[in-house]
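how would this look folded up:
(one chain, ligands or ions: 1)
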Amino acid sequence: MPELPEVETVRRGLEPVMTGQIIRLAQVNRPDLRFTLPDRMAERLTGARVEQLRRRSKYILADLSTGETLLIHLGMSGRMLVSGVQLGAFHHDHPAPQKHDHVVFDMERGARVTFNDARRFGAMDLMPTAATDAHPLLASLGPEPLGNAFDEDYLFNRLKGRATPIKAALLDQRVVAGLGNIYVCEVLYRAGIDPRLLAGQIEEARLRQIVPLVREVLAEAIAAGGSSLRDYRQADGELGYFQHAFRVYDREGQPCSAPGCAGTIARVVQSGRSSYFCPGCQR
Ligand SMILES: [Zn+2]
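Coordinates of the predicted model:
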């Protein structure tokens, strides 16, 4: 499932083929994805210029010249495929339509952007640009982890006294938007904090150090995505999936990589999600 860095990578990959360009033709091939698609979606998108592509949490927001904003959520298996443009050393012709190509945008300068989603947990919606913050999927989101509102004072005050494991507290989208299981595991490992500790029982200094580590882990992943982007686009025109070098995530039973630690990465299940951690480093 794509997390924030993957979504940011997709957004950056779409920028050169969408931003500032008119959607010459939008095709919508089914009435719904995870939710019903908006009324007359193809007509409302066809002829609109994409003024900017933003990201909020794991959602891509395309602000349009029509005063509406298109929300795109990749869900579990959604992919954005780019074809018909010069990408690095290779030229991609439009591939033959695939079974799960649900929404297709033909852009002004010849690129085709295809939303393909076999499992259809993805979503798209249209709303007035001025009302994006009130959209049901966005309204209750906490601050962006890479934004200024997410700082040490905010996190400490938000978690003070909370009798929730720190892992669950950081996954709570109302506390911070867009952090998922993988990156919370990696952050807590770098912070040396046991994921099972109750948030309200962690010393203030240890809670505060989570904030710069969140930024660090996400920034590294976004940088890795950026470097993989070109390779992926050259490979098959697909954006958004690549491997990161995780230190604990999905590494159960493997030795801890911290210098001087003889620990083994462990896994526990919390709220139905796997938490990976080093019992030696994280207390
Ligand atoms: Zn360790």
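
shouldn't Pro5 be in contact with Val214?
No - contact criterion C-beta atoms under 8 Å: Pro5 and Val214 do not qualify, at 11.7 Å. Using the backbone N, CA and C atoms, a C-beta is placed for each residue, glycine as well.

so what sits against both of those two?
Residues touching both Pro5 and Val214 (C-beta atoms under 8 Å, 6 or more residues apart in numbering) are Tyr183.

how about the strands in the chain?
Here the chain has its strands, by DSSP state E, at 23-28, 50-56, 59-64, 68-73, 79-83, 86-87, 90-91, 101-107, 112-116, 123-128, 238-239, 266-270, 273-277.

what average pLDDT does stretch 117-124 get?
The average pLDDT within stretch 117-124 is 92.

pull out the buried residues from it.
117, 120, 122-124 (16 or more other C-beta atoms under 10 Å).

closest to the ion out of these?
Among those, Gly122 lies closest to the ion (C-beta to the ion), at 37.0 Å.

the closest one contacts Leu74, doesn't it?
Yes - using C-beta under 8 Å, Gly122 makes contact with Leu74 at a distance of 5.4 Å.

I'd say Ala169 and Lys160 touch.
No - with contact defined as C-beta under 8 Å, Ala169 does not reach Lys160; the gap is 10.9 Å.

ok, these two, which is more surrounded?
Ala169 (23 against 12; other C-beta atoms under 10 Å).

give me the nearest residue to the closest residue to the ion within the stretch 51-200 of the chain, chain neighbours excluded.
The nearest approach of the stretch 51-200 of the chain to the ion comes at Tyr189, 8.0 Å away (C-beta to the ion). Spatial nearest neighbour of Tyr189, excluding adjacent residues (C-beta to C-beta, 6 or more residues apart in numbering): Val248 at 4.5 Å.

OK, contacts around the one you found?
Contact analysis of Val248 by C-beta under 8 Å, 6+ apart lists 185-186, 189, 256, 265, 276-278.

same question, Val269
Ser275.

quick one: it from Ala134, how far?
35 Å (C-beta to C-beta, to the nearest Å).

swap in Asp117?
26 Å.

also Ala245?
On the measure of C-beta to C-beta, Ala245 and Ala134 end up 39 Å apart.

swap in Cys185?
From Cys185 to Ala134 the distance is 32 Å (C-beta to C-beta).

and the closest residue to Arg206 other than its chain neighbours, how many residues sit next to it?
The shortest distance from Arg206 to any non-neighbouring residue, by C-beta to C-beta, 6+ apart, is to Ile193 (6.2 Å). Ile193 has 25 neighbours, counted by other C-beta under 10 Å.

now do the contacts for Ile193.
166, 202, 206, 210, 282-283.

can you name the two of the residues you listed that sit furthest apart?
Ile210 and Arg283 (14.7 Å; C-beta to C-beta).

residues of the chain that sit close to the ion?
Counting by C-beta under 5 Å from the ion, the chain comes close to the ion at 256, 258, 261, 263, 278, 280-281.

pipe these into CSV and attach neighbour count per row.
Output for the residues of the chain next to the ion, formatted as CSV (neighbours: other C-beta atoms under 10 Å):
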residue, neighbour count
Cys256, 22
Ala258, 16
Cys261, 13
Gly263, 15
Cys278, 23
Gly280, 16
Cys281, 22
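
low-confidence stretches in this structure?
Residue ranges of the chain with pLDDT under 70: 86-93, 226-244.

swap the cut-off to 50 and go again
Applying pLDDT under 50 to the chain flags the ranges 88-90, 231-237, 240-242.

show me how it divides into domains.
4-134, 140-283 (automatic domain parsing).

kindly check the end-to-end length of the shortest one for me.
Distances were taken as C-alpha to C-alpha, to the nearest Å; on that basis the terminal residues of domain 4-134 are 21 Å apart.

the longest one now?
Taking C-alpha to C-alpha as the measure, domain 140-283 stretches 31 Å from start to finish.

what of stretch 134-147?
End-to-end distance for stretch 134-147: 19 Å, by C-alpha to C-alpha.

quick one: contacts of that stretch?
Everything outside stretch 134-147 that qualifies as a contact, by C-beta under 8 Å, 6+ apart, is 4, 56-57, 59, 71, 73, 123, 125, 127, 132-133, 149-150, 154, 158, 172-179, 214-215, 218-219.

which among the residues you listed end up buried?
4, 56-57, 59, 71, 73, 123, 125, 127, 132, 150, 154, 158, 172, 175-179, 214, 218.
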